[in-house]
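Undergrad: Sharing a sequence plus its predicted fold:
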Amino acid sequence: MDKGFSYAKNVTAHRSHSKLINHTHQFIRKWLLEHPEFLSKKFYMGADSYSGIPAPGVVQEILNGNDQGLQPWINLQGYLLGNPITTGKESNDKMQYTHGMALISDELYLSLQRNCKGEYIDIDAKNELCLRDMQYYQECLSGINPSYILGEDCKVDFLMDDEGTQGRLLTQKLEGPLSSYLTVPTVICQNYFLTTQWANSQSVRKALHVREEIGKWKRCYTTDFDFDITSSFEFHVNLSTKGYRSLIFSGDHDLVVPFLSTQAWIRALNYSILDDWRPWLVNGQVAGFTRTYSNQMTFATVKGGGHTAAEYKPDECLAMFSRWLSNAPL
């Protein structure tokens, strides 16, 4: 949902999670009607990041539609989600993660625990000690890329000005010796910048039939949106009890949705562990760790992955997806 050039034809139209779910469901069924050769294929829903909120709702809508006899019938099998925002409370798990990754000191971590008492989102304005600790916490992380804590601080994904300083620096980098900067995080930063340039070029806008009055494309950006679904937890409860398979995976160097927060809501499902914590391998090397639960839910970390994991570890993620889709152990 964060990478398409999408907008409402009516600029005053009401947009929300619920409408997004409904429209996506309609699109999928209409697409299958126009491509009947795919009707018998197994259907899996895949999403990542903020789509961890609406995507399980789309799966639920598909299930409801099948139960109601809507046509065409969709051969729904399950879903897979990477680094998914789920409860809206993910930030409360960032302190433990940043401490474990040595991004904040023991003293600050203990002070945050003592003064904020586990609540780092809705902080009481009168809690001066917690606010002081949070300010120090933000200063410690000011130069850290939350999407990939090992990488450079990549801010170009929100840059829209072609003449901006970061844009000029990145353009200069692109023209320099490749060996001096082409690490995976740097390439991703460049891709964010170049994608913005591509999406806002007149030829692309014309090909996509984007109306002249529509403003510039911005990555991960929306306005006038009703966030009417704050958590997708109940969707997971229902879908898993209905027997649908799920793969939930996390890049272990992601601070946006740390794997600790994903583990927390999975743990809250209170499912029995069938295959306990173990490494999974690619080419004989540890690619992450995994655990399998009852109700056909699998959790996996991707070692060295960021937000989202497949951007940083494509080969490992492809192996993970392929094994899971074929019902093989990771």
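TA: Nice, thanks for sending it over. Just so it is clear, the model here is predicted, and its values are computed rather than measured. Residues are numbered from 1 along each chain as shown.
Undergrad: Residues in contact with the helix or strand hosting E311: which ones?
TA: Element membership of E311, judged by DSSP states H and E, is helix 309-312. Taking CB atoms under 8 Å, 6 or more residues apart in numbering as the criterion, the residues outside helix 309-312 that touch it are 48, 82-83, 148, 184-185, 188, 249-251, 253-254, 302, 304-306, 316-318. All C-beta spots, glycine's among them, are computed from the backbone N, C-alpha and C.
Undergrad: Buried ones only from those residues, please, as a PyMOL command.
TA: PyMOL command restricting these to the buried ones, with burial defined by 16 or more other CB atoms under 10 Å:
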select buried, resi 48+82+83+148+184+185+188+249+250+251+253+254+302+304+305+306+316+317
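Undergrad: Can I get stretch 21-40 in CSV? Just the C-alpha atoms.
TA: What follows is the C-alpha trace of stretch 21-40 in CSV, where atoms were taken according to Å, rounded to 0.1, in the frame of the first residue of the first chain:
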residue,chain,number,x,y,z
ILE,A,21,-9.6,-3.7,2.6
ASN,A,22,-12.9,-3.7,0.7
HIS,A,23,-11.5,-2.3,-2.5
THR,A,24,-8.5,-4.7,-2.4
HIS,A,25,-10.9,-7.6,-2.0
GLN,A,26,-13.0,-6.4,-4.9
PHE,A,27,-10.0,-5.9,-7.1
ILE,A,28,-8.7,-9.5,-6.4
ARG,A,29,-12.0,-11.1,-7.4
LYS,A,30,-12.4,-8.9,-10.5
TRP,A,31,-8.8,-9.6,-11.5
LEU,A,32,-9.5,-13.4,-11.2
LEU,A,33,-12.6,-13.1,-13.4
GLU,A,34,-10.5,-11.5,-16.1
HIS,A,35,-7.7,-14.1,-15.7
PRO,A,36,-9.6,-17.4,-15.2
GLU,A,37,-6.5,-19.5,-15.8
PHE,A,38,-5.5,-18.6,-12.2
LEU,A,39,-8.7,-19.6,-10.5
SER,A,40,-7.5,-23.0,-9.5
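Undergrad: For it, buried residues please.
TA: Along stretch 21-40, the positions that meet the burial threshold by neighbour count (16+ other CB under 10 Å) are I21, T24, H25, I28, R29, L32.
Undergrad: cool, and stretch 201-220?
TA: When neighbours are counted by 16+ other CB under 10 Å, the buried residues of stretch 201-220 are found to be R205, V210, W217, K218, R219.
Undergrad: what's near enough to touch the nearest residue to G57 once chain neighbours are set aside?
TA: When the adjacent residues along the chain are set aside, G57 lies closest to I21, with 4.2 Å between them (CB to CB, 6 or more residues apart in numbering). Counting by CB under 8 Å, 6+ apart, I21 makes contact with P54, G57, V58, E61, I229.
Undergrad: One more: L33?
TA: Q71, P72.
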